[in-house]
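Asker: could you work out the structure for the sequence below:
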Amino acid sequence: MIILNLIVSAKEEIDDIVNSILKSKFALDVVVSDAINSYHLDSLSIKVHSVVYNIQFATKSLLFEEIEASIKKEFPGTDFYIYANPIVHINAPFYDNIKNQVTGVNFTDKEKEEIIFAKQNVNLKKI
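Answerer: Numbering: from 1, shown residues only. Sure thing, here's the model as predicted:
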């Protein structure tokens, strides 16, 4: 089990993303944070400020790539970061609910191949 964090900057897309997560059975409950200040350095080493939102939910770790691919496919123009933290402790009823009710979309074999191919292309571009 993991706590998945999806960091997005487009506030207007949050409701659609949350609906997609729930309808796809990637999670039972989704938590969305208020605006969070985010900072990074641009190419000139100048500090840049932006506002982002954290969409967070508990899910099965084996669904991570499926969730990422699904969001990229359904929201192609959305800029987001995705990462997960392991769940170290969890109460038994919540664990059982996730185990039994969180199933994911279950992509077809062709869709899985497309996702793997697209991921390989992205990794090659990084090299």
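Asker: apart from its chain neighbours, what residue comes closest to residue 86?
Answerer: residue 2 (5.8 Å; Cβ to Cβ, 6 or more residues apart in numbering). Yep, even glycine has a C-beta here, placed from its N, CA and C like the rest.
Asker: and residue 99, by the same measure?
Answerer: Residue nearest to residue 99 in three dimensions, not counting chain neighbours: residue 60, with 7.7 Å by Cβ to Cβ, 6+ apart.
Asker: tell me, how many residues neighbour that neighbour?
Answerer: If you count neighbours by other Cβ atoms under 10 Å, residue 60 ends up with 18.
Asker: now do the contacts for it.
Answerer: Contacts for residue 60 (Cβ atoms under 8 Å, 6 or more residues apart in numbering) come out as 1, 2, 98, 99, 102, 104.
Asker: make it 7 Å
Answerer: Contact analysis of residue 60 by Cβ atoms under 7 Å, 6 or more residues apart in numbering lists 1, 98, 102.
Asker: mind checking pLDDT for it?
Answerer: Per-residue confidence (pLDDT) for residue 60: 95.
Asker: quick check: the gap between it and residue 25.
Answerer: 10 Å (Cβ to Cβ, to the nearest Å).
Asker: identify the contacts common to the two.
Answerer: In contact with both residue 60 and residue 25: residue 102, using Cβ under 7 Å, 6+ apart.
Asker: I figured residue 26 hits residue 67, correct?
Answerer: Yes. Under the criterion of Cβ atoms under 7 Å, residue 26 makes contact with residue 67 at 5.1 Å.
Asker: need the residues touching each of the two.
Answerer: residue 59.
Asker: tell me the secondary structure at residue 21.
Answerer: Following DSSP: H, G, I helix; E, B strand; the rest coil, the label given to residue 21 is helix.
Asker: right, and it touches residue 29 too?
Answerer: No. Residue 21 is beyond contact range of residue 29, at 10.0 Å (criterion: Cβ under 7 Å).
Asker: so what sits against both of the two?
Answerer: With Cβ under 7 Å, 6+ apart, residue 21 and residue 29 have common neighbours residue 57.
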